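Enquirer: heads up, no residue letters with this:
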């Protein structure tokens, strides 16, 4: 393209390019690029001119060339598809009539901060530096699937999609992209799905205070996402599923203060993920199902009031629970599992309490596990469980047996003291002692010589049978409890 074909505005940019200098067409720093369609020729640039400048523009040996423009209207499509651009591209506060096409391009840096675009196509992009769409307003999809960005990707406070339209494809596509440092999208507002499944991020993903709207669908699709450090989503507002199934997040998955809403579906799916610490502290109660099946978490920080009415926890493993609370506040969660009774969930909770040194809470969890298991048995099989529970709490409440023995011992002692049973052989019988006689009836193994020497009659005989039977029950339940305790040790 000859320089004689350029408009005055284009000539300014053409002459500034080899010098690496910027051209600012703005009339004020607070003007709105959304009004760019009305801007006149004095600040209008043709996309074909910018393409020619980037691919084959003039350069100087003593200067670093680069495209730096503020406040321009860019008409036509900036087509750099499969092109190689050896200069930085900085088009800030600009208005694009058509979506730029950088599919498969190789670039140094792409900065579109504060601009308004109908979309951006940059799948399989190769960038040696950053890609920035900070504070941009982009109505159509931002396609960066398969991109390789040697630095970071920034979408702070960007607004993607339209609240009045249902997009046919994700508004931000970073699936299978490789970002060497960080993905920074704090304050992002997306009216449609943000897709990051299969992406690899060398540093952190920051979605703090982001707002993701995909009602009835998936707001964040980040299956098998791999990050180097953290996924920060403090204050996230998500209407739609947040899916990080199979993700690898070695440090923090922070949803502190988040609001997750997907009624009738899974609001948070982190099944089969591996996470250092999962935080939901200060979050609003989740609206929808939380699915943590098969996830492995070192520290799980979720207050009881954050959990929803339905969860899926089969195979969830964790080492530490925070905050440390009594078992009675944690157990109701296990009742909400849609898969029903899962012994592993109780064992995992009990292990976490033992790891924290709270053996009493661990025993409470084990008792709750046996009671829950009892509900799965046939009616005839539950009777023995009720007996063990009432007697000694399945061995986890051994002091109950002492209480029962004391009550029965006092009852028998008083009854036989008031009505002494006759001796079978008066000449050979030892002196009657109501206390020892009752003890002889209750203890099935110990023989004090009283039970065989005296034979009560009438209802006292039935009382002796009751004492013998209850003694056997208490003895066997205590033995079962002791055996279970020894096995745990």
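Expert: That came through fine. Only a predicted model underlies this, so the values are computations on that prediction, with no experimental measurement involved. Numbering: from 1, shown residues only.
Enquirer: Quick one: the strands in the stretch 201-350 of the chain, in order.
Expert: Counting by DSSP state E, counting those that start in this stretch, one finds strands in the stretch 201-350 of the chain at the ranges 205-206, 211-221, 226-227, 231-232, 237-243, 248-254, 259-269, 274-279, 287-291, 296-301, 311-312, 317-322.
Enquirer: Show which residues not belonging to the fifth one make contact with it.
Expert: Counting by CB atoms under 8 Å, 6 or more residues apart in numbering, strand 237-243 makes contact with 193, 209-223, 236, 258-262, 265-269, 288, all of which sit outside it. Any C-beta I mention is one placed from the backbone N, CA and C, and that applies to glycine too.
Enquirer: hmm, 6 Å instead?
Expert: Strand 237-243 has contacts (CB atoms under 6 Å, 6 or more residues apart in numbering) with 211-215, 217-221, 223, 259-262, 266, 268-269.
Enquirer: That one: partners in the sheet, and parallel or antiparallel?
Expert: strand 211-221 (parallel), strand 259-269 (parallel) (DSSP bridges).
Enquirer: Quick one: the ones you listed as JSON lines, columns for mean pLDDT and distance to residue 202 too.
Expert: Putting these into JSON lines (pLDDT from 0 to 100; distance: least, CB to CB, whole Å) gives the following:
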{"stretch": "strand 211-221", "mean pLDDT": "96", "distance to residue 202": "20"}
{"stretch": "strand 259-269", "mean pLDDT": "97", "distance to residue 202": "24"}
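Enquirer: Can you add mean neighbour count and distance to residue 275 and give those strands back as CSV?
Expert: Output for the strands paired with strand 237-243, formatted as CSV (neighbours: other CB atoms under 10 Å; distance: least, CB to CB, whole Å):
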stretch, mean neighbour count, distance to residue 275
strand 211-221, 21, 15
strand 259-269, 21, 12
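Enquirer: now those strands in JSON lines, with distance to residue 414?
Expert: Formatted as JSON lines, the strands paired with strand 237-243 follow (distance: least, CB to CB, whole Å):
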{"stretch": "strand 211-221", "distance to residue 414": "71"}
{"stretch": "strand 259-269", "distance to residue 414": "61"}
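Enquirer: Out of those strands, which gets nearest to residue 355?
Expert: strand 259-269 (24.6 Å; CB to CB).
Enquirer: And the contacts of the closest one?
Expert: In contact with strand 259-269 (CB under 6 Å, 6+ apart) are residues 237-243, 245, 284, 286-291.
Enquirer: Of the residues you listed, which is the nearest to residue 205?
Expert: Looking across the contacts of strand 259-269 and measuring by CB to CB, the closest to residue 205 is residue 242, at 12.4 Å.
Enquirer: partner residues bridging that closest one?
Expert: residue 220, residue 268.
Enquirer: so where's the chain shaky on pLDDT?
Expert: Applying pLDDT under 70 to the chain picks out residues 1-4, 387-402, 476-489.
Enquirer: can you map out the helices along it?
Expert: Using DSSP state H, the helices of the chain run over residues 8-16, 47-56, 327-335, 343-355, 359-374, 379-392, 399-418, 434-442, 459-488.
Enquirer: Which pair of the contacts of strand 259-269 spans the longest distance?
Expert: Maximum pairwise distance among the contacts of strand 259-269 (CB to CB): 22.2 Å, between 245 and 284.
Enquirer: Which of the two has more residues huddled nearby?
Expert: Neighbours were counted for residue 245 and for residue 284 using other CB atoms under 10 Å; residue 245 has more, 21 against 14.
Enquirer: how close does the more buried one get to residue 380?
Expert: Distance of residue 245 to residue 380, given as CB to CB, to the nearest Å: 42 Å.
Enquirer: Please apply the same query to residue 436.
Expert: From residue 436 to residue 380 the distance is 38 Å (CB to CB).
Enquirer: go on, residue 247?
Expert: Distance, residue 247 to residue 380, by CB to CB: 47 Å.
Enquirer: Between those two, tell me which one has more neighbours.
Expert: In this view residue 247 and residue 380 are compared by other CB under 10 Å, and residue 247 has more residues nearby, 25 against 7.
Enquirer: That one touches residue 275, doesn't it?
Expert: No: contact criterion CB atoms under 6 Å: residue 247 and residue 275 do not qualify, at 7.3 Å.
Enquirer: Between these two, which contacts overlap?
Expert: Between them, residue 247 and residue 275 share no contacting residue, judged by CB under 6 Å, 6+ apart.
Enquirer: And for the closest residue to residue 343 other than its chain neighbours, the neighbour number?
Expert: Nearest in space to residue 343, with sequence neighbours left out and distances taken as CB to CB, 6 or more residues apart in numbering, is residue 369 at 6.4 Å. Residue 369 has 22 neighbouring residues, counting by other CB under 10 Å.
Enquirer: Return the distance of residue 40 relative to residue 283.
Expert: Looking at residue 40 against residue 283, where the rule is CB to CB, the gap reads 50 Å.
Enquirer: same thing with residue 204?
Expert: For residue 204, the distance to residue 283 (CB to CB) stands at 20 Å.
Enquirer: same check, this time on residue 94
Expert: If you go by CB to CB, the gap between residue 94 and residue 283 works out to 38 Å.
Enquirer: just to revisit the earlier point, so which of the strands paired with strand 237-243 is nearest residue 105?
Expert: With CB to CB as the yardstick, what comes closest out of these is strand 211-221 (25.2 Å).
Enquirer: Contacts only, for the closest residue to residue 34 other than its chain neighbours.
Expert: Distances taken as CB to CB, 6+ apart place residue 116 nearest to residue 34, at 5.2 Å, with adjacent residues excluded. Contact partners of residue 116, counting by CB under 6 Å, 6+ apart, are 33, 34, 95, 137.
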